[in-house]
Every structure is written in C-alpha cells, then in structure tokens.
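> Below is the sequence, then the predicted model.
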Amino acid sequence: MYPPDNRRSRRIRIGQPMKIRVLDPKDPFEETNITKNVSREGIYFISGISAYAEGMRLYVTVPHHAPRDPQDREYLAQVVRVERLAEGQNGVAVQFLVEVKPQ
C-alpha cells in the first residue's frame, strides 16, 4: 500500500538542468544536476551527495543555464524527503517556498 499523495499539482517527468546551493553556513555546498520530475511546487532529483536532509534550506535554480538565461528561475526551497537508494544514491524531493527575484 502506498502513502497518501499530498501533492497539489501534477508532476511531469522531465530532465531539466538545475543548480542547488545549500544555505547551511556550517556545511555549504553546491551542485549542478538534472531533475527527474518537476511540478509548480517542487522538484525531485537523484544525487550522490549524502548531506541532504529533511528540512534543509536551499537555493534552487531551474532551469539552469550558464550564462544565465531569462527563463532561469531561482527559488528558496526546502528538502521535504530524502530516499536512500542503491549504490550510494539519494532521491531528494524539494518544495519551492518562494521565488527569488533577480536584482
């Protein structure tokens, strides 16, 4: 039996480039990655970094281009679930809290 699905919007399986910056001053890191699925409220991705934890605050840019593209959006976000997967991988579910407007 599966747990209830509390999502408010539909998830779309799409691989979009993204950049993640962790806000924790004790353990700051950043990574670029590809989404597994996205919705209006968040993203899900697979990472080899084991430092992700529920409640962790992040800045997420999705899609991410270098140099910055007008369609890139940055969000203040929070990790809502971490799934330990095979071979040292982690499934990370992130909820967007607020869009950060470019200066």
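On my side now, so go ahead.
> low-scoring stretches of the chain, by residue?
1-9, 103 (pLDDT under 70).
> quick one: the strands in it?
Shown for the chain, the strands assigned by DSSP state E span residues 12-13, 17-22, 30-38, 42-47, 57-62, 73-84, 90-100.
> The longest one versus strand 90-100: what angle between them?
Spelled out, that is strand 73-84. 160 degrees (axes from the mean of the first three to the mean of the last three Cα atoms, to 10 degrees).
> Next: the fourth one.
Interaxial angle of strand 42-47 relative to strand 90-100 (the same axes, to 10 degrees): 140 degrees.
> Partner strands of strand 42-47, with direction?
strand 30-38 (antiparallel), strand 90-100 (antiparallel) (DSSP bridges).
> How many residues are close by Ile20?
24 (other Cβ atoms under 10 Å). Glycine gets a C-beta too; all of them are placed from N, C-alpha and C.
> Could I get the contacting residues of it?
30-33, 58-61 (Cβ atoms under 8 Å, 6 or more residues apart in numbering).
> Can you tell me how far it is from Arg10?
23 Å (Cβ to Cβ, to the nearest Å).
> what's the answer for Phe45, then?
Taking Cβ to Cβ, one finds Phe45 at 18 Å from Arg10.
> Lovely, talk soon.
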